[in-house]
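A.B. asks: for reference, the sequence and a predicted model appear below.
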Amino acid sequence: GWHQYLSIAHIFQRKKHIMQLGMIGLGRMGGNMAKRIAAAGHEVVGFDRSPELDRTVSSLEEMVAALKTPRLAWVMVPAGEPTDSTINELAELLEPGDMIIDGGNSRYTDDVRHAAELEPKGIHFMDCGVSGGVWGINRGYALMVGGNKDDFETARPIFEALKPEGDSGLVLAGPVGGGHFAKMVHNGIEYADMQVIGEAYDILRRGLGMDAEEIGDVFAEWNKGDLDSYLIEITAEILHHKDAETGKPFVDVVVDHAGMKGTGTWTVQTALSLAVPVTGIAEAVFARGLSSEADLREEAQKQGFAGPNGELNLNSEEKKAFIEDIRQALYASKIVAYAQGFNEITTAAKEYGWDIDLAAVARIWRGGCIIRAKFLNRISEAFESGEANVSLLFAPYFKNAIETAEKSWRNVVAQAAINGLPTPAFASSLSYFD
């Protein structure tokens, strides 16, 4: 079980401050995080409502009883009612001086409410946005924390156990709510990142008639340059992957419906309330919603609307040049998505009186995050120097990148529109720039 990792605790005991933690929620993320924390030498008391999971206690009451005061409880359950009910139960069991950390994907406004409800009881509260996926257990997790500095320092040994090695992966993003706000925008940017990759794929596949293997080669080549990132890397791997049962490219057999957990939607809703345009992120959310409209899409196919078929019909030299145009359009649209996301964080910080270090946020996204990318180094440098204080697009490095890409970007959007290929994120990002 995960608690076997405690057996190596003696290696760390003379080097680090050893803590005790109650972990509530031992699913894929929570269970892996518990293992990583235990491997760093800390004692983890694990509880999950499912008896099938490898829990060490069978109730919250047992977990609280097993923890020494002041207690630290980490909640890692689905956002909404499951988190609310868990925190409410803990509030009746914990004592003044104890602390709760919500590490799920809760909405930042829920964090503010939870902190306010717990304060009269003397129970401390922090929120922590966690990114890293299934690889976090080995590579570490990027942690965006919201809370006061004293509480942050109290829990720092646990955060240090979870983060990747080095100087990236952990930031106190602001007071309560700031951590989940930064994570919410991170997820929104991730949606946009995946959408522009999808639009590039669609043009390569339907517009240029390339097969999955050929497109995988293109993405692998793109990953050697400015687009070097985790998402581009795994896109190339997926496009090269064959379905074991059919022998077909995996991308041709996987269901083409994309679901959502809520954070992308919240990013757009919050941006609307703050009057901050996040057009690339919004189009990514809308595209996911449309992908799940199975009946609408099926009926649209039956209607057989007249119009172009999407084929660009280019010769080999024109095709090679247009592939480079697509790369530039993808890169420019990606920059806009990040610029819009950071603008949302900046506006929220002003609105709510938060002190958020955007350079630090960019640094932690370099390691452990799904959106980790080579150019995040450039983003952190731009904020550190003050060049991106108004907008990331005005920092010389990114201004030059946009100017270099502009002609290609316009060509891709125009040719896609003429030939009936949808590019909502490419096009809306270009319109935002204009």
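C.D. replies: Here it is on my side, so go on.

A.B. asks: tell me the contacts of residue 431?
C.D. replies: Shown in contact with residue 431 (C-beta atoms under 8 Å, 6 or more residues apart in numbering): residue 279. For the C-beta atoms, the positions are set from N, CA and C on the backbone; glycine is no exception.

A.B. asks: could you check the pLDDT of it?
C.D. replies: Listed pLDDT for residue 431 reads 98.

A.B. asks: using CSV, list the CA coordinates for the host helix or strand of it.
C.D. replies: Under the criterion of DSSP states H and E, residue 431 resides in helix 424-433. What follows is helix 424-433, C-alpha atoms only, in CSV (Å, rounded to 0.1, in the frame of the first residue of the first chain):
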residue,chain,number,x,y,z
PRO,A,424,-12.1,29.7,-33.6
ALA,A,425,-9.0,30.1,-31.3
PHE,A,426,-6.6,31.1,-34.1
ALA,A,427,-9.2,33.6,-35.5
SER,A,428,-10.3,35.1,-32.1
SER,A,429,-6.7,35.4,-30.9
LEU,A,430,-5.8,37.3,-34.1
SER,A,431,-8.9,39.5,-33.7
TYR,A,432,-7.8,40.3,-30.1
PHE,A,433,-4.3,41.2,-31.4
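
A.B. asks: list the buried residues of it.
C.D. replies: 424-430, 432-433 (16 or more other C-beta atoms under 10 Å).

A.B. asks: just to be sure, residue 90 is in a helix?
C.D. replies: Yes. Under the criterion used here (DSSP: H, G, I helix; E, B strand; the rest coil), residue 90 sits inside a helix.

A.B. asks: residue 59 is in contact with that one, correct?
C.D. replies: No. Look at residue 90 against residue 59 with C-beta atoms under 8 Å: they stay out of range, at 11.9 Å.

A.B. asks: quick one, which of these two is more surrounded?
C.D. replies: residue 90 (21 against 13; other C-beta atoms under 10 Å).

A.B. asks: any idea how far residue 114 is from residue 88?
C.D. replies: 9 Å (C-beta to C-beta, to the nearest Å).

A.B. asks: more neighbours, the two?
C.D. replies: More crowded of residue 88 and residue 114, by other C-beta under 10 Å: residue 114, with 24 against 12.

A.B. asks: helix or strand for that one, which one?
C.D. replies: Using DSSP H and E, residue 114 maps to helix 108-118.

A.B. asks: remind me what that helix packs against, helices and strands.
C.D. replies: With contacts defined as 3 or more C-beta pairs under 8 Å, 6 or more residues apart in numbering; DSSP states H and E, helix 108-118 has these neighbours: helix 81-93, strand 99-102, strand 124-131, helix 178-202.

A.B. asks: any chance of those in a markdown table, with distance to residue 364 and mean pLDDT too?
C.D. replies: Output for those, formatted as a markdown table (distance: least, C-beta to C-beta, whole Å; pLDDT from 0 to 100):
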| stretch | distance to residue 364 | mean pLDDT |
| --- | --- | --- |
| helix 81-93 | 23 | 97 |
| strand 99-102 | 17 | 98 |
| strand 124-131 | 9 | 95 |
| helix 178-202 | 9 | 94 |
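
A.B. asks: for residue 341, which of those is the nearest?
C.D. replies: helix 178-202 (4.3 Å; C-beta to C-beta).

A.B. asks: how about low-confidence regions in this structure?
C.D. replies: Applying pLDDT under 70 to the chain flags residues 1-16, 366-373.

A.B. asks: biggest helix in it, by residue count?
C.D. replies: Scanning the chain for the longest helix, with DSSP state H as the assignment, gives helix 316-352.

A.B. asks: which strand residues bridge the closest residue to residue 147 other than its chain neighbours?
C.D. replies: Nearest residue to residue 147, sequence neighbours excluded (C-beta to C-beta, 6 or more residues apart in numbering): residue 126, at 3.3 Å. As for beta bridges, residue 126 partners with residue 101 under DSSP bridges.

A.B. asks: could we number from 56 for the rest of this?
C.D. replies: OK, 56 is where the count begins now, so the last one is residue 181.

A.B. asks: and residue 181, how many neighbours?
C.D. replies: 27.

A.B. asks: how close does residue 300 sit to residue 266?
C.D. replies: Between residue 300 and residue 266 the computed distance is 19 Å (C-beta to C-beta).

A.B. asks: sorry, slip of the keys, the one I care about is residue 363.
C.D. replies: Distance, residue 363 to residue 266, by C-beta to C-beta: 21 Å.

A.B. asks: which SS class is the nearest residue to residue 222 once chain neighbours are set aside?
C.D. replies: Leaving aside its chain neighbours, residue 222 sits nearest to residue 418 (7.0 Å; criterion: C-beta to C-beta, 6+ apart). Following three-state DSSP, the label given to residue 418 is helix.
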